[in-house]
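[1] just coords:
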Ligand code: AHR
């Protein structure tokens, strides 16, 4: 997927005009070069389409959106797709039918949900993507949706690789637990990790972190197995169990989120191994359970992916209604947690 953002000249169109155009979403995309505008109002009816509620990260994200909507007095039409793309597409359809003013969408995967973005645009409803992106060859920020707000997942993967390479002195046999297939965090966390180890990571394209990668990368850091655990603890446990049985020489794990890392820790303990000693584990998110696992010496480190989107999401909505220029990609800064600071930050974790 091409993630290079091309800035196009924005053409303002009225919401009424957008709603009246009878074209397919694909044709409509070429006809209207800007997301639908948002009328300025004191109170809005806002949709929030959540992908699933199967882990603490999702619970924290939903709570943050709900708390901010309540604080500001906006009506929040909330849906939980339960991890189903088909359900999430119909959730967006339902929000369109209810004529919400704007939709916050956390898309399960890049391609199918890009079509939902185009449908909302065709109905004259602006969309702001939260935490996951869609395929830019189908729908583009600043054109088909207002913007993406979330982390730089490529950078997260590279930071995990940097920590692991340093900790393992440049030599490891790694099992990778991937996130949901086709989702932007799974695609980009894999890319950042692999690019860093291959020596092809470009810091300047990813916020300058990690600052550099040794020429030639780390040829002795080898990923020997990689499979999706769908960002879920129990699936991560089961998948890791199978991969570890087939690859008992593995001495490191890279999990695309904390839940799958915690699943791997459970599987290792069930197999009589000592996580943190026999096998070194790094992941992404920064949940309370993960920070506790770091304190307990079972998890090595986790790259933060902050789920508290409420304030930024509603602030961006207001700015858009005010006609301010909105950056196409609004990137959350991420911290890094390991044995040096997990104790300090655990009380503020979710
Ligand atoms: O899109 C962000 C990812 O989705 C988080 O890392 C994960 O825990 C969540 O389900």
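    All right, it came through fine. Remember, predicted model here, so these are calculated numbers, not experimental data.
[2] so the protein: which segments form each domain?
    Annotated domains of the chain cover 4-149+307-331, 153-305 [automatic domain parsing].
[3] so how far is the first one off the chain centroid?
    In other words, domain 4-149+307-331. Computed by Cα atoms, centre = their mean, to the nearest Å, the separation of domain 4-149+307-331 from the middle of its chain amounts to 15 Å.
[4] which one of the domains of the chain is the most hemmed in?
    Neighbour counts (mean count of other Cβ atoms under 10 Å) averaged over each of these peak at domain 153-305, with a mean of 21. From N, CA and C alone the C-beta is placed, and that goes for glycine too.
[5] is any residue of that domain near the ligand?
    Yes. Domain 153-305 lies within reach of the ligand by Cβ under 6 Å from any ligand atom, at 185, 231, 257, 284, 285, 305.
[6] would you format those as JSON lines with distance to residue 131 and pLDDT included?
    What follows is the residues of domain 153-305 next to the ligand, written out as JSON lines (distance: Cβ to Cβ, whole Å; pLDDT from 0 to 100):
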{"residue": "185", "distance to residue 131": "8", "pLDDT": "98"}
{"residue": "231", "distance to residue 131": "12", "pLDDT": "98"}
{"residue": "257", "distance to residue 131": "12", "pLDDT": "98"}
{"residue": "284", "distance to residue 131": "12", "pLDDT": "98"}
{"residue": "285", "distance to residue 131": "11", "pLDDT": "98"}
{"residue": "305", "distance to residue 131": "8", "pLDDT": "98"}
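[7] identify the residue of the stretch 251-350 of the chain closest to the ligand, quick one.
    In the stretch 251-350 of the chain, no residue comes nearer to the ligand than residue 257, which is 3.8 Å away by Cβ to the nearest ligand atom.
[8] circling back to that earlier point, a markdown table for the residues of domain 153-305 next to the ligand, including secondary structure?
    Below are those laid out as a markdown table (DSSP: H, G, I helix; E, B strand; the rest coil):
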| residue | secondary structure |
| --- | --- |
| 185 | helix |
| 231 | coil |
| 257 | coil |
| 284 | strand |
| 285 | strand |
| 305 | coil |
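[9] and the furthest pair within the residues you listed?
    Greatest spatial distance in the residues of domain 153-305 next to the ligand: 231 and 305, 11.0 Å, computed using Cβ to Cβ.
[10] which neighbours do those two share?
    Both residue 231 and residue 305 are in contact with 185, 257, where contact means Cβ atoms under 8 Å, 6 or more residues apart in numbering.
[11] residues in contact with the helix or strand that contains residue 88?
    Using DSSP states H and E, residue 88 falls within helix 85-97. Helix 85-97 has contacts (Cβ under 8 Å, 6+ apart) with 47, 49, 51, 77, 79, 81, 103, 105, 107-109, 112-113, 115-116, 119-120, 123, 125.
[12] tell me which of these fall in strands.
    Here DSSP state E is the test, and the contacts of helix 85-97 give 47, 49, 77, 79, 103, 105 as lying in strands.
[13] what's across from the second one in the sheet?
    Beta-bridge partners for residue 49, by DSSP bridges, are residue 79, residue 105.
[14] what's the separation between it and the ligand?
    13 Å (Cβ to the nearest ligand atom, to the nearest Å).
[15] what's the answer for the fourth one, then?
    Computed as Cβ to the nearest ligand atom, the residue 79 to the ligand distance reads 16 Å.
[16] show me what contacts that residue?
    Residues counted as contacts of residue 79 (Cβ under 8 Å, 6+ apart) are 47, 48, 49, 50, 88, 91, 94, 95.
[17] from those, which is closest to the ligand?
    When these are compared against the ligand (criterion: Cβ to the nearest ligand atom), the nearest one is residue 50, at 10.1 Å.
[18] residues contacting that closest one?
    Residues near residue 50 by Cβ under 8 Å, 6+ apart: 58, 61, 62, 78, 79, 80, 81, 106.
[19] with distance to residue 289 and pLDDT added, can I get those residues in a markdown table?
    Listed next are the contacts of residue 50 as a markdown table, based on distance: Cβ to Cβ, whole Å; pLDDT from 0 to 100:
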| residue | distance to residue 289 | pLDDT |
| --- | --- | --- |
| 58 | 14 | 98 |
| 61 | 16 | 98 |
| 62 | 18 | 98 |
| 78 | 25 | 98 |
| 79 | 26 | 98 |
| 80 | 21 | 98 |
| 81 | 24 | 98 |
| 106 | 21 | 98 |
